[in-house]
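>>> The following block contains a protein sequence and its predicted model.
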Amino acid sequence: MSNPTEQTPPPYLPLDEEWDSALAIVAHPDDMEYGAAAAVARWTGQGKRVSYLMVTSGEAGIDGMEPAQCRPVREREQVESAAVVGVDTVEFLGYPDGVVEYGLPLRRDLARAIRRHRPDIVITTNFRDTYGGVFPNQADHIAVGRAALDAVRDAGNRWVFRELTAEGHQPWNGVREVWAAASPDGLHAVDTTETFAAGVASLEAHRAYLDGLGGEMANAAEFLESMGRTAGSRLGTVFAASFEVIKLR
């Protein structure tokens, strides 16, 4: 028997796909693959340019592997994973995994990257405190997502981080929206039915990470299918990827 106090979530609105380039700014290797990679495969298949920027190398993500040994493994797996969905530019900022702090250095580095790439859309992951009020978010996700949102505005203001202009990175006001994947405040989604398998393969490319992770999140196909079908049911498709859209214009 259903609870009369429960409300059916509203249908998702379709994402605007009238754009040419996007920069994904996330904390770790694998962050894009847990839900957004299938959407990236759709967009690169449309001829859009998508680049990845990893703030850390995920070197603290495998309990049985020392960070110095883990770092090159995770970077290699991320490059291979990105290639599966048509992304050939993957950059790593080298911040220490697990202890990323929101602050001016991070905002400056992200603003520099945005000025270099000059994207129409910036993609990040959920930066809210929780996932739907149930599971607490991870600290790096929160710090990076919030810094990415602020860095988009920093990138367009020549009087913020003036050293960037001195370095030759001219201001960029072309970012129209920031999209946060898997946010509990997401109201938009994109159909990933045709590219769902590519999204699964992209996550499966993180072989060492998944082997070390264990549990239900290590089963790429089952975990992504649950997420994708839930989002698809609200978009009216088989599979979908959801996003919180922050409009900047």
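Okay, I see it. Residues are numbered from 1 along each chain as shown.
>>> Tell me which residues are up against the host helix or strand of residue 105.
If you go by DSSP states H and E, residue 105 is part of helix 104-117. If you take Cβ atoms under 8 Å, 6 or more residues apart in numbering as the criterion, helix 104-117 is touched by 21, 23, 25, 51, 53, 55, 91, 93, 95, 100, 122, 143-144, 147-148, 150-152, 154-155, 160-161, 163-164, 167, 169-172, 175. Every C-beta, even on glycine, is put in place using the N, C-alpha and C of the backbone.
>>> Okay, buried residues for that helix please.
106-117 (16 or more other Cβ atoms under 10 Å).
>>> What of stretch 164-184?
Neighbour-count burial for stretch 164-184 [16+ other Cβ under 10 Å]: 164, 169, 171-172, 174-184.
>>> same question, stretch 90-101
Those would be 90, 92-93, 95, 97-98, 100, for stretch 90-101 by 16+ other Cβ under 10 Å.
>>> So which of those are in strands?
Under the assignment DSSP state E, those contribute 90, 92-93, 95 to strands.
>>> show me the residues around residue 181 that make contact.
Counted by Cβ under 8 Å, 6+ apart, residue 181 has contacts 32, 35-36, 39, 123-126, 241-243.
>>> can you put those in CSV and add secondary structure and pLDDT?
Shown next, in CSV, are those (DSSP: H, G, I helix; E, B strand; the rest coil; pLDDT from 0 to 100):
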residue, secondary structure, pLDDT
32, coil, 98
35, coil, 85
36, coil, 97
39, helix, 98
123, strand, 98
124, strand, 98
125, strand, 97
126, coil, 97
241, strand, 98
242, strand, 98
243, strand, 98
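>>> out of those, who's nearest residue 81?
residue 32 (8.0 Å; Cβ to Cβ).
>>> For the closest one, the count of nearby residues, please.
30 (other Cβ atoms under 10 Å).
>>> give me every residue that touches it.
Applying Cβ under 8 Å, 6+ apart, the residues contacting residue 32 are 24, 26, 40, 52, 82, 123, 125, 181, 202.
>>> can we see that at 10 Å?
Going by Cβ atoms under 10 Å, 6 or more residues apart in numbering, residue 32 touches 24-26, 39-40, 50, 52, 54, 78, 81-82, 85, 87, 90, 123-125, 181, 199, 202-203.
>>> And for residue 217?
30, 34, 203, 210, 223-224.
>>> And the pLDDT for it?
With respect to pLDDT, residue 217 scores 82.
>>> That one and residue 210, how far apart?
Distance from residue 217 to residue 210, counting by Cβ to Cβ, to the nearest Å: 8 Å.
>>> any residues in contact with both of the two?
With Cβ under 10 Å, 6+ apart, residue 217 and residue 210 have common neighbours 30, 203.
>>> all helices in this structure, in order from the N-terminus.
37-45, 67-84, 104-117, 139-155, 162-166, 196-204, 207-213, 220-235 (DSSP state H).
>>> Render the CA-only coordinates of the helix holding residue 105 in CSV, please.
What follows is helix 104-117, C-alpha atoms only, in CSV (Å, rounded to 0.1, in the frame of the first residue of the first chain):
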residue,chain,number,x,y,z
LEU,A,104,41.4,30.3,-3.9
PRO,A,105,44.2,28.0,-5.2
LEU,A,106,41.6,25.6,-6.5
ARG,A,107,39.4,28.3,-7.9
ARG,A,108,42.4,29.8,-9.7
ASP,A,109,43.5,26.5,-11.2
LEU,A,110,40.0,25.7,-12.4
ALA,A,111,39.5,29.2,-13.8
ARG,A,112,42.8,28.8,-15.7
ALA,A,113,41.6,25.6,-17.2
ILE,A,114,38.2,27.1,-18.2
ARG,A,115,40.0,30.0,-19.9
ARG,A,116,42.2,27.5,-21.8
HIS,A,117,39.4,25.2,-22.9
